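Novice: Got a predicted model here, sequence first, then my questions.
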Amino acid sequence: MKFTEKIDQYDWSEISERIASKTTGDVELALRKTKLDADDFLALISEAAEPFLEQMAAKSRIYTQQRFGKTIQMYIPMYLTNACTNHCVYCGFNHNNPIKRVVLTEEEIVREAEAIQKLGDFHHILLVTGESPKHAGVEYLKNAIRIAKRYFSNISIEVQPLEQHEYEELIAEGLNGVYVYQETYHKERYGIYHPAGKKRDFNYRLDTFERLGRAGIRKMGLGVLIGLEDWRTDAAMMAHHLRHLQKKYWRTRYSISFPRIRPHEGEGFKPNVVMSDRQLAQVIFAFRLFDHDVEIALSTRESPDMRNNLCTLGVTSMSAGSKTEPGGYVTYPQALEQWVMADDRTPQEIELAIKKAGYEAIWKDWDAIMN
Amino acid sequence: MKKLVIAGREFGSRLFLGTGKFSSNQMMEEAIVASGSEMVTVAMKRIRMDEEHDPMLEHIPVNRVHLLPNTSGVRTAEEAVFAARLAREAFGTNWLKLEIHPDPRYLLPDPIETLKATEILAREGFVILPYIPADPVLCKRLEEAGASAVMPLGAPIGSNRGLLTRDFLNIIIEQSNVPVIVDAGIGAPSHAAEAMELGADAVLVNTAVAIAGDPVAMAKAFRMAVESGRMAFEAGMPRQEAEAVASSPLTAFLNV
């Protein structure tokens, strides 16, 4: 059974109500357990858990250290194009935004890769595109992976959802991980944020994870965009989704993240909900208590202060030195970014901050020979 | 204490150390030295095999310890065999800790793929130490396939839960013709001592040392625990009685 068939069991408003009804007692019970069920998770993301943040942090740190040690995996994104056919109302790459669109050529990808290598000791790269199969389809991505392989040992992508056989072709080229953000699990309201383009199809996007699982991808990344719908309910839905995928595609590793909407180009989209720093910490801790093994990524969207502190409390991977525009490292510096960075420290500064926190920045934790 | 011998090579220490999860390479190096270990495992995926320098390898005191590359990250026998061949070239050793765990959550080893890979690699002359579930029959099959030791788990990796598989480890130790190294789950020096008292030939520890408040002191504590556990085993552990033994034996009447 696919999650698109299961999701109707999880009624949005019913889950919201269940979260709202959680009590101090429910939270205390969840904190006493080492194996949490979905209901315990609801307690930990509820308002009732807010006074327990310190205890949650302590447990989150212990579980994370046990599984991942005192380490943070480093990665960097490379934007290949900002061409996009979607109309996501919150995004700088929205098809309607009158920004300059570029698609990196082979030579430009090489130059960007070389620039990234000068920037830091990166071995893990995330290739990002808008969603425009015409400009950056499977053949383009295959070629980009072939080039990236010459410079990096672990390659992930964040691009438009693809078909199973297309993922299989990319995996054969050396692809390790795929990040697809559902943005929100609120099926009825999803269309408001994605009024046009292929992304409009809620079920096709949600089924992407099944196609990835069947293709045998090593790692998949899930995420909800914070600022659209009630984040507690979205987090609960994602927890159900994660469990579903873990049981079905048990050979795959999972990564989650909670990007909060940042300022960007285009008409100002005002977030419907704002998640405070304390609440971001709460959802990270809650997920760690719920799942000791899931990877949790924290990008340069977040401030240096948040990243310096959360890197020992549950987060397992961080980007550094990122540019969110195609060609941003050397080809088209500072022109076309998707969103504005909160942490613009250099990779060396970030590594030093991780070290000061008593952790080791891991630059390489994969080798192409294992593919 | 008797020396441990694996595939003709002698080891003065019965403590093997993993090199992951440390807060710095410097800390790892100091812990290795304090542990007295002569065998450390290194995940191939962490090593820059095609670069001149590797920041992690540079901190492994190779004059004191043997490097045991592991295949952590592979999911099938086929991937493991490919990785092993490259490890042999890159590290200049035919020793291999064979780790095939397709399950990324508990990192539990796949016995079927492990046996397949052992059969292939043994024919190619590898010294194979496979990480496996504590399954006595699997251990015998691996021995027949040419494994040089077996590394059954005490509990899932990183769980620090000790010898949850104790009863099966007992059978494995009793039956094995190759050294038995208890791997994974050893969270405290007392767990390591317990494994040694059972008669295990060695233990492998990583998480418990790497994430300890003071990894160097913890490495030393494990060293002492492994030594005392082994010493006790060699001294002849008194048998544990399930019930108290009556001080007037039931057969005293026969002596009358």
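Specialist: Okay, I see it.

Novice: Put the alpha carbons of the longest strand anywhere in chain A into PDB.
Specialist: Assignment by DSSP state E gives strand A:71-81 as the longest strand of chain A. Taking C-alpha atoms only, strand A:71-81 is exported to PDB below (Å, rounded to 0.1, in the frame of the first residue of the first chain):
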ATOM      1  CA  THR A  71      30.200  14.400  14.400                       C
ATOM      2  CA  ILE A  72      28.500  16.600  11.900                       C
ATOM      3  CA  GLN A  73      28.300  15.600   8.200                       C
ATOM      4  CA  MET A  74      29.200  18.600   6.000                       C
ATOM      5  CA  TYR A  75      27.700  19.100   2.500                       C
ATOM      6  CA  ILE A  76      27.200  22.000   0.000                       C
ATOM      7  CA  PRO A  77      24.500  22.700  -2.600                       C
ATOM      8  CA  MET A  78      25.200  23.400  -6.200                       C
ATOM      9  CA  TYR A  79      22.300  25.100  -8.000                       C
ATOM     10  CA  LEU A  80      22.300  24.100 -11.700                       C
ATOM     11  CA  THR A  81      19.400  26.100 -12.900                       C
END
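
Novice: So is it next to chain B?
Specialist: Yes: Strand A:71-81 reaches chain B (Cβ under 8 Å from any Cβ of the partner chain) through A:Thr71. Every C-beta, even on glycine, is put in place using the N, C-alpha and C of the backbone.

Novice: From the contact counts, what lies against that strand?
Specialist: helix A:106-119, strand A:124-129, helix A:138-149, strand A:154-158, strand A:317-319, helix A:347-356, strand A:360-362 (3 or more Cβ pairs under 8 Å, 6 or more residues apart in numbering or on different chains; DSSP states H and E).

Novice: Redo the ones you listed as a markdown table? Include mean pLDDT and mean neighbour count.
Specialist: Output for the helices and strands packed on strand A:71-81, formatted as a markdown table (pLDDT from 0 to 100; neighbours: other Cβ atoms under 10 Å in any protein chain shown):
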| stretch | mean pLDDT | mean neighbour count |
| --- | --- | --- |
| helix A:106-119 | 96 | 17 |
| strand A:124-129 | 97 | 24 |
| helix A:138-149 | 97 | 19 |
| strand A:154-158 | 97 | 24 |
| strand A:317-319 | 97 | 24 |
| helix A:347-356 | 96 | 18 |
| strand A:360-362 | 95 | 22 |
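
Novice: Figure out which of the ones you listed is closest to chain B.
Specialist: For chain B, the closest of these is strand A:360-362, at 5.2 Å, according to Cβ to the nearest Cβ.

Novice: For the stretch 151-256 of chain B, what lies in contact range of chain A?
Specialist: B:158-160, B:207, B:210-211.

Novice: For those, which two are the farthest from each other?
Specialist: Farthest pair in those (Cβ to Cβ) is B:Ser159 and B:Ala210. Separation: 14.0 Å.

Novice: So for those two, which residue has more residues nearby?
Specialist: B:Ala210 (26 against 20; other Cβ atoms under 10 Å in any protein chain shown).

Novice: Excluding chain neighbours, what is closest to that one?
Specialist: B:Lys21 (3.8 Å; Cβ to Cβ, 6 or more residues apart in numbering or on different chains).
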